[in-house]
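A.B. asks: Provided below for reference: sequence and predicted model.
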Amino acid sequence: MSDVVQNGMPGGDARHPHALEKTADRTPDRGAPVLEVDGLVVEHRNRRTGEVFRAVDHVSLRIAAGESVAVVGESGSGKTTLAMAATGLGTRGEGDIRLLGHSLSSVGRKQLRRLRPEAQVVFQDPHGSLDPRQSVRSGLRELRSLQPERTSWIEDTALLERVRLEPSILDRYPHQLSGGQAQRVCIARALLMRPRLIVADEPTSGLDVSVQADVLALLKEIRATTGAALLMISHDLAVVRSVCDVVHVMYHGRVVESGPCETVFARPQNDYTRELLAAMPGARWRSRQ
Amino acid sequence: MTRVSQLELDLKPAEAPRRSKRTSAFWLAVPIAVVAVAVFVLPLTGLLPAAGQDLNATRQPPGFLSGGSWSHPLGTDKLGQDLLTQFIEAGRLTIMIGLVGAVVAIGPGTLLGLLAGYFRGWVDRVISVLIDAQLALPFILVALAIIANRGSSLPVLFLVLALTGWAVCARVTRSATLAIRERQFVLGLRAAGASELRIVFRHILPNLGGTIVALGTLQVGTAILIESALSFLGLGVVPPMNSWGSLLAAGQDELSTAWWIAFFPGFAVTVLVLLVNLLGDAMLTHYDPRKRRR
Amino acid sequence: MKTSPVPPANNVAPPLTKAGMPAVPGGANPAAKNGRSRRAGALRRAAARIAALLASLLIALSMAFMLGRLSGDPTTTILGPMATPEQREALRHELGLDRPLLVQYLDYLKGVFTGDLGQSLQFYQSNTSMIMDRLPFTLQLVAAGMALAILVGVPLGVLAARREGTWWDRAASTVALLGQSVPVFWFGMMLVVLFAVNLGWLPAGQSGTPAHLVLPALTMSVYPMAQIARLTRASMSEALAEPYIDAAKARGILGRRVVWRHAFKNAMMPILTIVVLQTGILLSGAVAVEYVYSWPGLGQLALQAIQFRDFPLVQAIVVFGALVFVLLNLLVDVIHSIVDPRVR
């Protein structure tokens, strides 16, 4: 893995080619790694009992630009902890995480703040990811003031158009938005930052079934047009199958099986993966076809 | 019978209590406003009996009691001074002390609670120990000791109110902050490169606004009660200034001969603090962040 | 938060794993790997709690010390403004005030832990013995007041909780809030006017016979009664909303038995906590009530000390109050661990 770093990113510092590029829509530039996770271990300590719980146990994965990778597993398997650690938002844990070649454990606080916008997260609960006291417009304005250079590429109305929202929504507050609308606003906010990596943590499971497909299609389209890598966290195999190329199956903090989506779903090697597939709604119907 | 009423309770629509909370908050604000207007505007109208001694009319009962006259609606004290005029004037100072006393307690209390709840770690540990220490001290005695040291004056009174009130505010703000900092929009802002201070003061604080206003309202009541107790003991507001508490102190020696001197100021404190507490309670339930997770 | 169709699996075997399935390599149960035993966790928590209490006690003691130091020159209080500098110097030496501050502080801490709280400037007596002389009177008052508060407050709170949302609830809650809004000393004064001055049924002040205790205890009970009632209502209505109560309701057995034996048992802990802590506050904080009734307790002693600027005595009473409060806090924790099996 280390040779990849040297080949792909000389020096691995702020002069990284991606960091300088400013065009809005980039052609997918497959191959250059965006996120590399090496032997990550994250432990949580229960404050009450003092017990240590290993949420992520020696996990390694890598995502290249334009690639779409899924991490699946039941709740409590450590997927979200992995995603938070990988974006530098949660407990960092042990092991190496490199975002665009910068090792998160070695960059300083200021650098980390500059690096963070490269990875944007779309959360499960769209209403919880918007400040209830902020209208959509003032939220976007704040993002622009935080990252003036990064966000100047598009106007508010055009941005909303890309996530298929009416401009009239700009003056609404989160509680005046439906779940689907709120999630689109979240995606728009992520998109505004022109991230290299979009982490979608169960982006559809808080939504009505009728809007789930729309949101997924939107994520897919954004990945295709911006060339950003997509890391999808989900327990829903149908979602993963429709969006992702590569899948990692997590169980109790460990990756028990990895591979291209089609291979894993068609010929699961691990028993747990098989169980997951069997538990999928409509699995029996599909297998009969 | 119990079962029927329980069942009825269960069948009530969930929205009902919330709506009644809102209207009740409004109806509570009205009498409070009336009191404030009466105390601040009445003296300007010139309708009140003139201040000043009248040794021919000492210890007169209120107008509605036998032996009283309506020229002194609330009666007179041992020097024949009109009690209504004193009462209104003292009310002004009492309300002012209540408001300022709440602000000086809420300010530092909110700030420390916010920092402890948001940053956790050693900041939280230090502030929490300070809160516990403050709450472990018998606050009345601390107040008395400070006043005995520094003498009775308004700044010392505010210092006492700040010292005795900040810890509770800090504790409530801390737990409310703990609830909000886990919400995902905080992570989202961090991912956008927002600084911690920006998140705390531009996002967490506004979201605590309702809770803080509710806390402040309750603190107004507490401040008025502490002030009246201290003034009653002769350690708060001292002559020539008057608050409802110091009027009470003046009335204590006259209990057997002129009970009304002490009655009205104490009654006014009770009613005002009750209204303020009802309002604060209603707001606190309404704004509790743990009850509105989404 | 609705996350997934699979319920969270912490230490429970995940529903997707079946008996025949081979264990995942090395990751059978991560919690057991580094997890310590429950007992060790409980000990750790107890130690942390005691450390926190001691830390706050130390800060409280230091604050009391500073209050004593900041009070200016006690020699003026004792000798009057006309004393010569030599006289003052001699007195300062005698009182030990010419030593370095740190030495005085350590000496003071040593005194606190050996039960020596210094000497009163006003009475030329040991502060500890004076506090102990007055304590029985205050204890008597607090015990009677607290008993009354519990006897009225708990049923009031239960009544409000059982009829949540009705006029009964509103009336009981308002009475409770009224108890927290009334200046207690004023309430005491009005009791005196009514029962002592006008009706002549009870004595207005001093102590001695049980009749003397009635009005002060009644006055004393108002605030804790209100607190107990409000807390009882809150924790009872929470307990009554628990699923097991619903289950009882569904089986049609929601009567007195369920309310008292199940719900109240669960609501008891917070009530007990507030009773103990409130006792601690009253023990040192009954100044105004004792003043109204000329009750010869600790509060009166504190007031006397302050009026004569007798700072060693003020400081001693503050320290005593803090000690009592911290000890009662500890008591609450001990009761918690005995009553609640989950903490043990």
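C.D. replies: All right, it came through fine.
A.B. asks: Below-threshold pLDDT in the stretch 1-150 of chain A: ranges please.
C.D. replies: A:1-31, A:47-50 (pLDDT under 70).
A.B. asks: can you map out the strands along it?
C.D. replies: With DSSP state E, counting those that start in this stretch as the criterion, the stretch 1-150 of chain A has strands at A:33-45, A:52-64, A:68-72, A:94-99, A:102-103, A:119-122.
A.B. asks: need these in TSV with distance to chain B and mean neighbour count, can you?
C.D. replies: Using the backbone N, CA and C atoms, a C-beta is placed for each residue, glycine as well. Listed next are the strands of the stretch 1-150 of chain A as TSV, based on distance: least, CB to the nearest CB, whole Å; neighbours: other CB atoms under 10 Å in any protein chain shown:
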stretch	distance to chain B	mean neighbour count
strand A:33-45	13	19
strand A:52-64	16	21
strand A:68-72	18	25
strand A:94-99	11	19
strand A:102-103	14	18
strand A:119-122	6	26
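A.B. asks: B:Ala268: what's it in contact with?
C.D. replies: Taking CB atoms under 8 Å, 6 or more residues apart in numbering or on different chains, we find B:Ala268 in contact with B:Phe87, B:Gly91, B:Trp244.
A.B. asks: what would the strands of the stretch 1-150 of chain A look like in TSV with distance to chain C?
C.D. replies: Formatted as TSV, the strands of the stretch 1-150 of chain A follow (distance: least, CB to the nearest CB, whole Å):
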stretch	distance to chain C
strand A:33-45	7
strand A:52-64	4
strand A:68-72	11
strand A:94-99	13
strand A:102-103	26
strand A:119-122	15
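A.B. asks: Including distance to A:Gln176, could those strands go into CSV?
C.D. replies: Formatted as CSV, those follow (distance: least, CB to CB, whole Å):
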stretch, distance to A:Gln176
strand A:33-45, 35
strand A:52-64, 36
strand A:68-72, 32
strand A:94-99, 35
strand A:102-103, 39
strand A:119-122, 20
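A.B. asks: Of the ones you listed, give the one that comes closest to C:Gly321.
C.D. replies: Nearest of the strands of the stretch 1-150 of chain A to C:Gly321, taken as CB to CB: strand A:33-45 at 36.9 Å.
A.B. asks: Report the angle between that closest one and strand A:94-99.
C.D. replies: Orientation check (axes from the mean of the first three to the mean of the last three CA atoms, to 10 degrees): strand A:33-45 against strand A:94-99 gives 150 degrees.
A.B. asks: Quick check: B:Ala192 touching A:Ser145?
C.D. replies: No: using CB atoms under 8 Å, B:Ala192 is not in contact with A:Ser145; the gap is 10.2 Å.
A.B. asks: And those two? Which one has more around it.
C.D. replies: Counting neighbours by other CB atoms under 10 Å in any protein chain shown for B:Ala192 and for A:Ser145 shows that B:Ala192 has the greater number, 24 against 11.
A.B. asks: distance of the more buried one from chain A?
C.D. replies: Shown here: B:Ala192 relative to chain A, a distance of 5 Å by CB to the nearest CB, to the nearest Å.
A.B. asks: got the contact list for stretch A:175-182?
C.D. replies: Residues outside stretch A:175-182 that contact it (CB under 8 Å, 6+ apart): A:126-127, A:129-130, A:132, A:136, A:165, A:169, A:174, A:185, A:206-208, A:211, A:214-215.
A.B. asks: which of the residues you listed come close to chain C?
C.D. replies: Subset of the contacts of stretch A:175-182 in contact with chain C: A:Gly206, counting by CB under 8 Å from any CB of the partner chain.
A.B. asks: Out of the contacts of stretch A:175-182, which is nearest to A:Leu104?
C.D. replies: Nearest to A:Leu104 among those, with distances taken as CB to CB, is A:Ser129, at 21.9 Å.
A.B. asks: For burial, what's the neighbour tally of that closest one?
C.D. replies: The tally of other residues near A:Ser129 (other CB under 10 Å) stands at 26.
A.B. asks: Quick check: it touching B:Gln184?
C.D. replies: Yes: A:Ser129 lies in contact with B:Gln184 (CB under 8 Å); the separation is 4.1 Å.
A.B. asks: Spell out which residues are contacts of both of these two.
C.D. replies: Common neighbours of A:Ser129 and B:Gln184 (CB under 8 Å, 6+ apart) are A:Phe123.
A.B. asks: Mind naming the longest helix for chain C?
C.D. replies: If you go by DSSP state H, chain C has its longest helix at helix C:127-162.
A.B. asks: just checking, what packs against the helix or strand just after it?
C.D. replies: Next helix or strand after helix C:127-162 toward the C-terminus (DSSP states H and E): helix C:167-181. Packing partners of helix C:167-181 (3 or more CB pairs under 8 Å, 6 or more residues apart in numbering or on different chains; DSSP states H and E): helix B:260-287, helix C:127-162, helix C:210-240.
A.B. asks: returning to what we had before: out of the strands of the stretch 1-150 of chain A, which gets nearest to C:Phe187?
C.D. replies: strand A:33-45 (50.2 Å).
A.B. asks: quick revisit: could you give the angle of the longest helix of chain C to helix C:210-240?
C.D. replies: 50 degrees.
A.B. asks: For helix C:127-162, enumerate the helices and strands it packs against.
C.D. replies: Judged by 3+ CB pairs under 8 Å, 6+ apart, helix C:127-162 is in contact with helix C:167-181, helix C:210-240, helix C:264-285, helix C:287-292, helix C:298-307, helix C:311-339.
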